[in-house]
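[1] Here is a sequence with its predicted model. Questions after.
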Amino acid sequence: MDPSGGCPHPVNARLLARGAVAPVVLPGEIDGAVVLGHEALKEFLAHPEVAKDARHFTALREGRIAEGWPLLTFATVRGMTTADGSDHRRLRSLVSQAFTARRVAELRPPVEALTDRLLDGLARAAETNGQVADLRRHFAMPLPMGVIGELLGVGAEHRDRLHALSSQVVATDLGPEQVVAANRELLAVLGAIAAAKAEQPGDDLIGALIAARDEDGGRLSHEELIGTLVLMVVAGHETTLNLITNAVRALCGHRDQLGLVRAGTASWADVVEETLRWDAPVSYFPFRYPVRDLTVGGTVVTRGTPVLAGYSAAGRDPAVHGPDADRFDVTRPARPDAVRHLSLGHGAHYCLGAPLARLEATVALERLFTRFPALDLAVPEPQLAPHAGFVGNSVRTLPVRLTP
(Lines give C-alpha, C1' and ligand atoms only; values in the text may rest on other atoms or scores of the structure.)
Protein backbone atom coordinates (compact mmCIF):
# COMPACT_ATOMS: atom_id res chain seq x y z
CA MET A 1 0.00 0.00 0.00
CA ASP A 2 1.30 3.47 -0.91
CA PRO A 3 1.40 5.34 2.44
CA SER A 4 0.88 8.67 0.66
CA GLY A 5 -2.43 7.51 -0.80
CA GLY A 6 -3.65 8.97 -4.07
CA CYS A 7 -6.64 8.17 -6.27
CA PRO A 8 -7.47 4.52 -5.48
CA HIS A 9 -9.51 3.69 -8.57
CA PRO A 10 -6.76 2.74 -11.08
CA VAL A 11 -5.14 0.43 -8.52
CA ASN A 12 -8.51 -1.03 -7.58
CA ALA A 13 -9.36 -1.79 -11.20
CA ARG A 14 -6.04 -3.56 -11.69
CA LEU A 15 -6.48 -5.63 -8.52
CA LEU A 16 -10.13 -6.47 -9.20
CA ALA A 17 -9.14 -7.84 -12.59
CA ARG A 18 -7.10 -10.45 -10.70
CA GLY A 19 -9.66 -11.35 -8.05
CA ALA A 20 -11.90 -10.25 -5.20
CA VAL A 21 -9.14 -10.42 -2.56
CA ALA A 22 -5.54 -9.25 -2.80
CA PRO A 23 -2.52 -9.61 -0.53
CA VAL A 24 -1.00 -6.26 0.44
CA VAL A 25 2.04 -5.04 2.33
CA LEU A 26 1.13 -2.49 4.99
CA PRO A 27 3.53 0.15 6.36
CA GLY A 28 6.35 -1.44 8.34
CA GLU A 29 6.45 -4.45 5.99
CA ILE A 30 3.42 -6.00 7.70
CA ASP A 31 1.61 -8.57 5.56
CA GLY A 32 -2.10 -7.92 5.16
CA ALA A 33 -4.96 -8.34 2.73
CA VAL A 34 -7.70 -6.24 1.17
CA VAL A 35 -11.16 -7.48 0.19
CA LEU A 36 -12.13 -5.65 -3.00
CA GLY A 37 -15.09 -7.42 -4.59
CA HIS A 38 -18.60 -6.38 -3.57
CA GLU A 39 -19.96 -9.86 -2.87
CA ALA A 40 -16.78 -11.03 -1.14
CA LEU A 41 -16.71 -7.91 1.02
CA LYS A 42 -20.39 -8.21 1.92
CA GLU A 43 -19.78 -11.79 3.06
CA PHE A 44 -16.57 -10.92 4.91
CA LEU A 45 -18.05 -7.95 6.82
CA ALA A 46 -20.79 -10.16 8.29
CA HIS A 47 -18.80 -13.38 8.71
CA PRO A 48 -19.14 -14.88 12.21
CA GLU A 49 -15.49 -15.95 12.21
CA VAL A 50 -14.08 -12.50 11.48
CA ALA A 51 -13.15 -10.39 14.52
CA LYS A 52 -12.42 -6.74 15.26
CA ASP A 53 -10.57 -7.22 18.55
CA ALA A 54 -6.81 -6.72 18.07
CA ARG A 55 -5.99 -9.71 20.28
CA HIS A 56 -6.55 -11.65 17.04
CA PHE A 57 -3.92 -9.55 15.18
CA THR A 58 -0.97 -11.95 14.89
CA ALA A 59 1.77 -9.39 14.16
CA LEU A 60 0.66 -7.20 17.08
CA ARG A 61 0.46 -10.14 19.45
CA GLU A 62 3.97 -11.22 18.42
CA GLY A 63 5.42 -7.76 19.11
CA ARG A 64 6.15 -6.87 15.47
CA ILE A 65 4.20 -3.59 15.52
CA ALA A 66 6.19 -0.52 16.59
CA GLU A 67 4.71 2.22 18.80
CA GLY A 68 4.71 4.78 15.98
CA TRP A 69 3.00 2.52 13.42
CA PRO A 70 0.59 4.82 11.52
CA LEU A 71 -2.32 2.36 11.68
CA LEU A 72 -1.96 1.43 15.35
CA THR A 73 -4.89 3.52 16.57
CA PHE A 74 -7.25 1.69 14.21
CA ALA A 75 -6.25 -1.58 15.88
CA THR A 76 -5.93 -0.60 19.53
CA VAL A 77 -8.34 2.24 20.34
CA ARG A 78 -10.82 0.98 22.94
CA GLY A 79 -14.28 1.35 21.48
CA MET A 80 -17.01 -0.29 19.44
CA THR A 81 -14.85 -0.48 16.28
CA THR A 82 -12.41 -2.83 18.03
CA ALA A 83 -14.91 -4.85 20.04
CA ASP A 84 -16.82 -8.05 19.30
CA GLY A 85 -19.96 -9.74 20.59
CA SER A 86 -21.41 -8.53 23.88
CA ASP A 87 -18.72 -5.86 24.34
CA HIS A 88 -19.57 -4.41 20.96
CA ARG A 89 -23.29 -4.43 21.72
CA ARG A 90 -22.70 -2.77 25.12
CA LEU A 91 -20.54 0.02 23.67
CA ARG A 92 -22.81 0.60 20.70
CA SER A 93 -25.91 0.80 22.88
CA LEU A 94 -24.40 3.65 24.90
CA VAL A 95 -24.39 5.99 21.89
CA SER A 96 -27.08 4.54 19.64
CA GLN A 97 -29.87 6.72 21.03
CA ALA A 98 -28.15 9.80 19.60
CA PHE A 99 -28.48 8.39 16.07
CA THR A 100 -32.01 6.97 15.89
CA ALA A 101 -34.18 7.95 12.91
CA ARG A 102 -36.32 10.13 15.19
CA ARG A 103 -33.32 11.92 16.69
CA VAL A 104 -31.77 12.50 13.27
CA ALA A 105 -35.06 13.90 11.94
CA GLU A 106 -35.09 16.33 14.86
CA LEU A 107 -31.62 17.50 13.84
CA ARG A 108 -32.73 18.64 10.37
CA PRO A 109 -33.62 22.26 11.38
CA PRO A 110 -30.30 22.91 13.19
CA VAL A 111 -28.38 21.24 10.33
CA GLU A 112 -30.16 23.49 7.84
CA ALA A 113 -29.47 26.58 9.95
CA LEU A 114 -25.77 25.71 10.30
CA THR A 115 -25.55 25.02 6.57
CA ASP A 116 -26.93 28.45 5.74
CA ARG A 117 -24.50 30.17 8.12
CA LEU A 118 -21.58 28.31 6.59
CA LEU A 119 -22.71 29.24 3.08
CA ASP A 120 -22.66 32.88 4.17
CA GLY A 121 -19.11 32.35 5.37
CA LEU A 122 -18.15 30.63 2.13
CA ALA A 123 -19.46 33.62 0.18
CA ARG A 124 -17.48 36.04 2.37
CA ALA A 125 -14.30 34.01 1.89
CA ALA A 126 -14.82 34.06 -1.89
CA GLU A 127 -15.42 37.82 -1.97
CA THR A 128 -11.87 38.44 -0.75
CA ASN A 129 -10.31 36.08 -3.31
CA GLY A 130 -11.83 36.76 -6.71
CA GLN A 131 -14.97 34.67 -6.03
CA VAL A 132 -12.83 31.59 -5.25
CA ALA A 133 -12.87 29.78 -1.89
CA ASP A 134 -11.83 26.42 -0.47
CA LEU A 135 -15.14 24.62 -0.08
CA ARG A 136 -13.57 21.85 1.99
CA ARG A 137 -12.21 24.26 4.59
CA HIS A 138 -15.10 26.70 4.77
CA PHE A 139 -18.06 24.36 4.30
CA ALA A 140 -17.54 20.60 4.01
CA MET A 141 -15.44 20.34 7.19
CA PRO A 142 -17.18 22.71 9.66
CA LEU A 143 -20.65 21.33 8.88
CA PRO A 144 -20.17 17.75 10.18
CA MET A 145 -17.65 18.93 12.77
CA GLY A 146 -20.20 21.42 14.08
CA VAL A 147 -22.98 18.84 14.19
CA ILE A 148 -20.96 16.15 15.98
CA GLY A 149 -19.53 18.82 18.29
CA GLU A 150 -23.02 19.84 19.36
CA LEU A 151 -24.10 16.23 19.85
CA LEU A 152 -21.06 15.47 21.97
CA GLY A 153 -20.98 18.79 23.80
CA VAL A 154 -17.56 19.82 22.47
CA GLY A 155 -17.16 23.60 22.41
CA ALA A 156 -16.38 25.44 19.19
CA GLU A 157 -12.98 26.45 20.58
CA HIS A 158 -11.78 22.83 20.36
CA ARG A 159 -13.14 21.83 16.96
CA ASP A 160 -10.43 23.07 14.60
CA ARG A 161 -7.73 21.41 16.68
CA LEU A 162 -9.68 18.16 16.92
CA HIS A 163 -10.09 18.16 13.14
CA ALA A 164 -6.37 18.71 12.61
CA LEU A 165 -5.47 15.93 15.04
CA SER A 166 -8.02 13.46 13.70
CA SER A 167 -6.72 14.06 10.17
CA GLN A 168 -3.24 13.11 11.37
CA VAL A 169 -4.51 10.04 13.20
CA VAL A 170 -6.14 8.62 10.04
CA ALA A 171 -3.19 9.52 7.79
CA THR A 172 -0.79 6.74 6.78
CA ASP A 173 2.11 8.86 5.54
CA LEU A 174 3.41 10.28 8.83
CA GLY A 175 6.63 9.34 10.57
CA PRO A 176 6.61 7.50 13.93
CA GLU A 177 7.28 10.62 16.01
CA GLN A 178 4.42 12.51 14.36
CA VAL A 179 2.08 9.55 14.84
CA VAL A 180 2.87 9.27 18.54
CA ALA A 181 2.60 13.03 19.10
CA ALA A 182 -0.75 13.32 17.30
CA ASN A 183 -2.28 10.39 19.17
CA ARG A 184 -1.07 11.63 22.54
CA GLU A 185 -2.38 15.13 21.94
CA LEU A 186 -5.75 13.87 20.71
CA LEU A 187 -6.15 11.73 23.83
CA ALA A 188 -5.03 14.63 26.02
CA VAL A 189 -7.48 17.10 24.46
CA LEU A 190 -10.39 14.67 24.72
CA GLY A 191 -9.36 13.74 28.26
CA ALA A 192 -9.40 17.41 29.26
CA ILE A 193 -12.81 17.92 27.66
CA ALA A 194 -14.18 14.87 29.49
CA ALA A 195 -12.72 16.07 32.80
CA ALA A 196 -14.33 19.50 32.36
CA LYS A 197 -17.64 17.84 31.51
CA ALA A 198 -17.43 15.71 34.64
CA GLU A 199 -17.15 18.91 36.68
CA GLN A 200 -20.02 20.59 34.85
CA PRO A 201 -22.22 17.91 33.25
CA GLY A 202 -24.35 18.84 30.27
CA ASP A 203 -27.28 17.35 28.40
CA ASP A 204 -25.09 15.88 25.67
CA LEU A 205 -23.45 12.64 24.63
CA ILE A 206 -20.29 13.15 26.65
CA GLY A 207 -22.43 13.71 29.73
CA ALA A 208 -24.28 10.46 29.08
CA LEU A 209 -21.02 8.56 28.61
CA ILE A 210 -19.55 9.98 31.82
CA ALA A 211 -22.69 8.91 33.69
CA ALA A 212 -22.28 5.40 32.27
CA ARG A 213 -18.64 5.38 33.40
CA ASP A 214 -19.39 6.59 36.91
CA GLU A 215 -22.54 4.67 37.74
CA ASP A 216 -22.49 1.58 39.93
CA GLY A 217 -21.31 -1.40 37.98
CA GLY A 218 -19.56 0.87 35.47
CA ARG A 219 -20.96 0.15 32.03
CA LEU A 220 -17.97 1.98 30.56
CA SER A 221 -14.32 2.15 31.58
CA HIS A 222 -12.42 5.44 31.37
CA GLU A 223 -10.32 4.05 28.53
CA GLU A 224 -13.48 3.05 26.66
CA LEU A 225 -14.94 6.52 27.28
CA ILE A 226 -11.95 8.23 25.66
CA GLY A 227 -11.83 5.63 22.88
CA THR A 228 -15.51 6.23 22.13
CA LEU A 229 -14.86 9.98 21.94
CA VAL A 230 -11.99 9.35 19.51
CA LEU A 231 -14.35 7.31 17.34
CA MET A 232 -17.17 9.87 17.53
CA VAL A 233 -14.91 12.79 16.61
CA VAL A 234 -13.00 11.04 13.81
CA ALA A 235 -15.79 9.00 12.23
CA GLY A 236 -18.37 11.66 13.06
CA HIS A 237 -16.91 14.20 10.68
CA GLU A 238 -14.06 12.84 8.50
CA THR A 239 -16.30 10.55 6.45
CA THR A 240 -19.05 13.14 5.91
CA LEU A 241 -16.43 15.76 5.07
CA ASN A 242 -15.10 13.47 2.32
CA LEU A 243 -18.60 12.56 1.17
CA ILE A 244 -19.64 16.19 0.64
CA THR A 245 -16.32 17.04 -1.02
CA ASN A 246 -16.51 14.06 -3.37
CA ALA A 247 -20.13 14.75 -4.28
CA VAL A 248 -19.38 18.35 -5.22
CA ARG A 249 -16.44 17.21 -7.35
CA ALA A 250 -18.61 14.58 -9.03
CA LEU A 251 -21.40 17.03 -9.87
CA CYS A 252 -18.99 19.68 -11.15
CA GLY A 253 -17.38 17.07 -13.38
CA HIS A 254 -20.73 15.70 -14.58
CA ARG A 255 -22.93 18.71 -15.28
CA ASP A 256 -25.43 16.49 -17.07
CA GLN A 257 -26.06 14.63 -13.81
CA LEU A 258 -26.52 17.90 -11.96
CA GLY A 259 -29.04 18.84 -14.63
CA LEU A 260 -31.01 15.65 -13.98
CA VAL A 261 -31.33 16.58 -10.31
CA ARG A 262 -32.43 20.12 -11.13
CA ALA A 263 -34.99 18.73 -13.58
CA GLY A 264 -36.43 16.45 -10.91
CA THR A 265 -35.36 13.24 -12.66
CA ALA A 266 -33.17 12.36 -9.66
CA SER A 267 -33.00 13.57 -6.06
CA TRP A 268 -30.21 14.92 -3.91
CA ALA A 269 -30.46 11.67 -1.95
CA ASP A 270 -29.68 9.85 -5.22
CA VAL A 271 -26.56 12.00 -5.57
CA VAL A 272 -25.44 11.01 -2.08
CA GLU A 273 -25.95 7.28 -2.71
CA GLU A 274 -24.21 7.35 -6.08
CA THR A 275 -21.28 9.27 -4.60
CA LEU A 276 -20.99 6.71 -1.81
CA ARG A 277 -20.81 4.00 -4.45
CA TRP A 278 -18.70 5.75 -7.09
CA ASP A 279 -16.19 7.57 -4.88
CA ALA A 280 -16.45 6.15 -1.36
CA PRO A 281 -15.30 8.58 1.37
CA VAL A 282 -13.32 5.77 3.00
CA SER A 283 -11.19 3.77 0.62
CA TYR A 284 -9.54 0.98 2.65
CA PHE A 285 -10.75 0.70 6.24
CA PRO A 286 -8.61 -1.12 8.87
CA PHE A 287 -8.98 -3.78 10.37
CA ARG A 288 -10.68 -7.15 10.64
CA TYR A 289 -8.98 -10.45 11.48
CA PRO A 290 -10.05 -13.99 10.55
CA VAL A 291 -10.09 -16.13 13.69
CA ARG A 292 -9.18 -19.13 11.53
CA ASP A 293 -7.93 -19.58 7.98
CA LEU A 294 -10.82 -18.50 5.76
CA THR A 295 -11.50 -18.78 2.05
CA VAL A 296 -12.82 -15.40 0.91
CA GLY A 297 -13.66 -14.80 -2.73
CA GLY A 298 -11.67 -17.87 -3.69
CA THR A 299 -8.56 -16.77 -1.76
CA VAL A 300 -7.34 -18.17 1.56
CA VAL A 301 -6.82 -15.44 4.16
CA THR A 302 -4.67 -16.70 7.02
CA ARG A 303 -5.83 -16.50 10.63
CA GLY A 304 -4.73 -13.25 12.31
CA THR A 305 -4.10 -11.35 9.06
CA PRO A 306 -5.00 -7.64 9.26
CA VAL A 307 -7.60 -7.17 6.53
CA LEU A 308 -8.69 -3.90 4.95
CA ALA A 309 -12.27 -3.38 3.76
CA GLY A 310 -11.89 -2.09 0.20
CA TYR A 311 -14.97 0.13 -0.01
CA SER A 312 -13.78 2.22 -2.95
CA ALA A 313 -13.08 -0.94 -4.96
CA ALA A 314 -16.36 -2.70 -4.11
CA GLY A 315 -18.31 0.36 -5.24
CA ARG A 316 -16.93 -0.02 -8.77
CA ASP A 317 -16.91 -3.80 -8.99
CA PRO A 318 -18.10 -4.56 -12.54
CA ALA A 319 -19.18 -8.05 -11.48
CA VAL A 320 -21.96 -6.40 -9.49
CA HIS A 321 -22.41 -2.92 -10.91
CA GLY A 322 -22.00 -3.85 -14.57
CA PRO A 323 -19.62 -2.78 -17.33
CA ASP A 324 -20.42 0.90 -16.67
CA ALA A 325 -19.46 0.71 -12.97
CA ASP A 326 -16.94 3.52 -13.53
CA ARG A 327 -19.69 5.88 -14.71
CA PHE A 328 -21.24 8.38 -12.29
CA ASP A 329 -24.99 7.95 -12.80
CA VAL A 330 -27.46 9.42 -10.31
CA THR A 331 -30.30 7.49 -11.97
CA ARG A 332 -28.59 4.13 -11.51
CA PRO A 333 -31.30 1.66 -10.44
CA ALA A 334 -31.09 0.06 -7.02
CA ARG A 335 -29.88 -3.52 -6.92
CA PRO A 336 -32.53 -6.24 -6.32
CA ASP A 337 -31.07 -6.99 -2.86
CA ALA A 338 -31.35 -3.27 -1.97
CA VAL A 339 -27.59 -3.11 -1.21
CA ARG A 340 -26.52 -0.39 -3.61
CA HIS A 341 -23.08 -0.11 -2.05
CA LEU A 342 -21.12 -1.12 1.06
CA SER A 343 -19.47 2.24 1.73
CA LEU A 344 -21.11 2.62 5.14
CA GLY A 345 -20.33 -0.96 6.12
CA HIS A 346 -22.46 -4.05 6.52
CA GLY A 347 -23.42 -6.37 9.35
CA ALA A 348 -23.06 -5.72 13.07
CA HIS A 349 -20.58 -2.88 12.54
CA TYR A 350 -22.71 -0.99 9.99
CA CYS A 351 -22.05 2.73 10.44
CA LEU A 352 -24.08 3.98 13.39
CA GLY A 353 -24.03 7.53 12.05
CA ALA A 354 -25.20 6.64 8.51
CA PRO A 355 -28.60 8.41 8.80
CA LEU A 356 -26.92 11.55 10.11
CA ALA A 357 -24.24 11.52 7.39
CA ARG A 358 -26.94 11.17 4.73
CA LEU A 359 -28.95 14.03 6.23
CA GLU A 360 -25.94 16.35 6.42
CA ALA A 361 -24.78 15.59 2.88
CA THR A 362 -28.26 15.89 1.34
CA VAL A 363 -28.96 19.23 3.03
CA ALA A 364 -25.47 20.50 2.19
CA LEU A 365 -25.68 19.70 -1.53
CA GLU A 366 -29.22 20.99 -2.04
CA ARG A 367 -28.56 24.30 -0.31
CA LEU A 368 -25.11 24.74 -1.83
CA PHE A 369 -26.21 24.36 -5.44
CA THR A 370 -29.41 26.34 -4.83
CA ARG A 371 -27.44 29.24 -3.37
CA PHE A 372 -24.67 29.04 -6.01
CA PRO A 373 -26.19 27.47 -9.14
CA ALA A 374 -23.11 28.21 -11.27
CA LEU A 375 -20.63 26.82 -8.72
CA ASP A 376 -17.74 25.03 -10.39
CA LEU A 377 -14.21 23.88 -9.68
CA ALA A 378 -11.68 26.71 -9.76
CA VAL A 379 -8.89 24.39 -10.92
CA PRO A 380 -8.94 21.30 -13.15
CA GLU A 381 -9.69 18.05 -11.31
CA PRO A 382 -6.20 16.57 -12.01
CA GLN A 383 -4.61 19.46 -10.12
CA LEU A 384 -6.42 18.64 -6.85
CA ALA A 385 -3.99 17.11 -4.35
CA PRO A 386 -5.23 13.75 -3.01
CA HIS A 387 -6.02 13.09 0.64
CA ALA A 388 -3.10 12.07 2.83
CA GLY A 389 -2.92 8.31 3.19
CA PHE A 390 -4.86 5.35 1.84
CA VAL A 391 -7.67 5.16 4.43
CA GLY A 392 -9.63 8.29 3.56
CA ASN A 393 -10.51 9.03 -0.06
CA SER A 394 -10.84 12.64 -1.15
CA VAL A 395 -8.73 15.72 -1.85
CA ARG A 396 -6.88 18.03 0.54
CA THR A 397 -8.50 21.23 -0.72
CA LEU A 398 -11.43 22.00 -3.02
CA PRO A 399 -11.14 25.49 -4.56
CA VAL A 400 -14.48 26.44 -6.12
CA ARG A 401 -15.68 29.50 -8.02
CA LEU A 402 -18.96 30.97 -6.78
CA THR A 403 -19.81 33.15 -9.76
CA PRO A 404 -23.59 33.75 -9.58
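    Nice, I can see it.
[2] OK, contacts around the residue most central in space within the chain?
    The centroid of the chain falls nearest to Thr239 when counting by Cα atoms, centre = their mean (2.8 Å). Thr239 makes contact with Pro281, Val282, Cys351, Gly353, Ala357, Gly392, according to Cβ atoms under 8 Å, 6 or more residues apart in numbering. Where you see a C-beta, it was placed from the backbone N, CA and C, and this is true even at glycine.
[3] where along the stretch 201-350 of the chain do the strands fall?
    Secondary structure of the stretch 201-350 of the chain (DSSP state E, counting those that start in this stretch): strands at 284-290, 294-296, 299-301, 307-310.
[4] How about residues contacting the last one?
    When contacts are taken as Cβ under 8 Å, 6+ apart, the neighbours of strand 307-310 outside the stretch itself are 1, 12, 24, 32-36, 41, 44-45, 50, 283-290, 301, 342, 345.
[5] Please state the offset of that strand from the chain centre?
    In this view, strand 307-310 has its centroid 14 Å away from the chain centroid, taken as Cα atoms, centre = their mean, to the nearest Å.
[6] Mind listing what's buried along that strand?
    Val307, Leu308, Ala309, Gly310 (16 or more other Cβ atoms under 10 Å).
[7] Stretch 361-381 too?
    Buried, per 16+ other Cβ under 10 Å, within stretch 361-381: 361-369, 371-372, 375, 377-378.
[8] ok, back up a step: and the strands of the stretch 201-350 of the chain, which is most packed in?
    Highest mean neighbour count among the strands of the stretch 201-350 of the chain (mean count of other Cβ atoms under 10 Å): strand 307-310, with a mean of 27.
[9] Please state the offset of the longest helix along the chain from the chain centre?
    Under DSSP state H, the helix in the chain containing the largest number of residues is helix 222-253. Put simply, helix 222-253 sits 4 Å off its chain's centre (Cα atoms, centre = their mean).
[10] Any regions of the stretch 101-250 of the chain where pLDDT drops low?
    216-217 (pLDDT under 70).
[11] Now do the helices in it.
    101-127, 135, 142-152, 156-170, 176-199, 205-214, 222-253 (DSSP state H, counting those that start in this stretch).
[12] Redo those helices as a markdown table? Include distance to Gly315.
    Below are the helices of the stretch 101-250 of the chain laid out as a markdown table (distance: least, Cβ to Cβ, whole Å):
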| stretch | distance to Gly315 |
| --- | --- |
| helix 101-127 | 24 |
| helix 135 | 23 |
| helix 142-152 | 21 |
| helix 156-170 | 19 |
| helix 176-199 | 29 |
| helix 205-214 | 30 |
| helix 222-253 | 11 |
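[13] Could you identify which of these is most buried?
    helix 135 (a mean of 28).
[14] who touches Asp31 in this structure?
    Pro23, Val24, Val25, Ala59, Thr305.
[15] Look up how far Thr82 lies from the last one.
    So the one you mean is Thr305. Using Cβ to Cβ, to the nearest Å, Thr305 is found at 16 Å from Thr82.
[16] And for the second one?
    Val24 sits at a distance of 20 Å from Thr82 (criterion: Cβ to Cβ).
[17] Of those two, which one has the most company?
    Thr82 (23 against 19; other Cβ atoms under 10 Å).
[18] I'd like to know how many residues surround the residue nearest to that one when sequence neighbours are not counted.
    Nearest non-adjacent residue to Thr82, counting by Cβ to Cβ, 6 or more residues apart in numbering: Lys52, 5.3 Å away. By other Cβ under 10 Å, the residues close to Lys52 number 21.
[19] Looks like Lys52 contacts Asp87 (just checking).
    No. Here Lys52 does not reach Asp87: they are 9.7 Å apart, not a contact under Cβ atoms under 8 Å.
[20] Could you pull up the residues touching Thr42?
    Actually, residue 42 is Lys rather than Thr. So Lys42 contacts Ala314, Val339, Leu342, His346 (Cβ under 8 Å, 6+ apart).
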